[in-house]
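[1] Everything below, folded, please.
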Amino acid sequence: MARGLLPCPSHFDTELKKMMNDVVKIRPPLDEKTVRSLKAGQRVLITGTIYTATDAAHKRMMELIKKNEPLPFDLKGQIIYYVGPTPAKPGQVVGSAGPTTSSRMDSYMETLYKLGLKGTIGKGNRSQEVIDLIRKYKAVHFSNIGGAGALIAKTIRKCEMIAFED
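    Residues are numbered from 1 along each chain as shown. The predicted structure is shown next:
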């Protein structure tokens, strides 16, 4: 017996094409005009460099900021994806790259927004305080689907460790 992809019903193909037509394409660094153009519920395709960080990395960034030491990258206009990728299997760039819970980063957000961060990606709700900060600093939060880590990993073309290797 052979395995393979079954042909999709034509209505599925039509729906897929419609979904792709509705996708907004953006590329960091984001500017205020791009952020303001985005609407809640839109599907967004992000290409380019996206930085990843867990809550432990956020804590380390805060320590650097308090010491007036430089961060591993300039936050201005950038997007941070809340993810801790798993080790890559042979032939892969990264292992599973599913989102982690956004609220774990809430206490760090005002400082990061003040430094120019424009976007975050994660799963789960943001606190009202962070929603207010997003409005104040003209930033955006993208919700990602938990459980999609293996699929997301397939879209990552390159992964480079820039800080906090431990």
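[2] quick one: the nearest residue to residue 105 once chain neighbours are set aside and residue 116, what's the gap?
    What sits nearest to residue 105 in space, not counting adjacent residues and going by Cβ to Cβ, 6 or more residues apart in numbering, is residue 58, at 5.3 Å. C-betas here are computed from N, CA, C, even on glycine. Distance of residue 58 to residue 116, given as Cβ to Cβ, to the nearest Å: 15 Å.
[3] Beyond the helix-or-strand element of the chain with minimal mean pLDDT, next helix or strand please.
    Ranking every helix and strand in the chain by mean pLDDT, DSSP states H and E puts helix 10-21 at the bottom, with a mean of 57. Scanning forward in sequence from helix 10-21 by DSSP states H and E, the next helix or strand is strand 24-26.
[4] related to what we said a few turns ago, and the residue nearest to residue 105, that's in a helix?
    Yes - checked against DSSP: H, G, I helix; E, B strand; the rest coil, residue 58 lies within a helix.
[5] Show the model's pLDDT score for it.
    Note on residue 58: pLDDT of 95.
[6] With residue 93 instead?
    Reported pLDDT for residue 93: 83.
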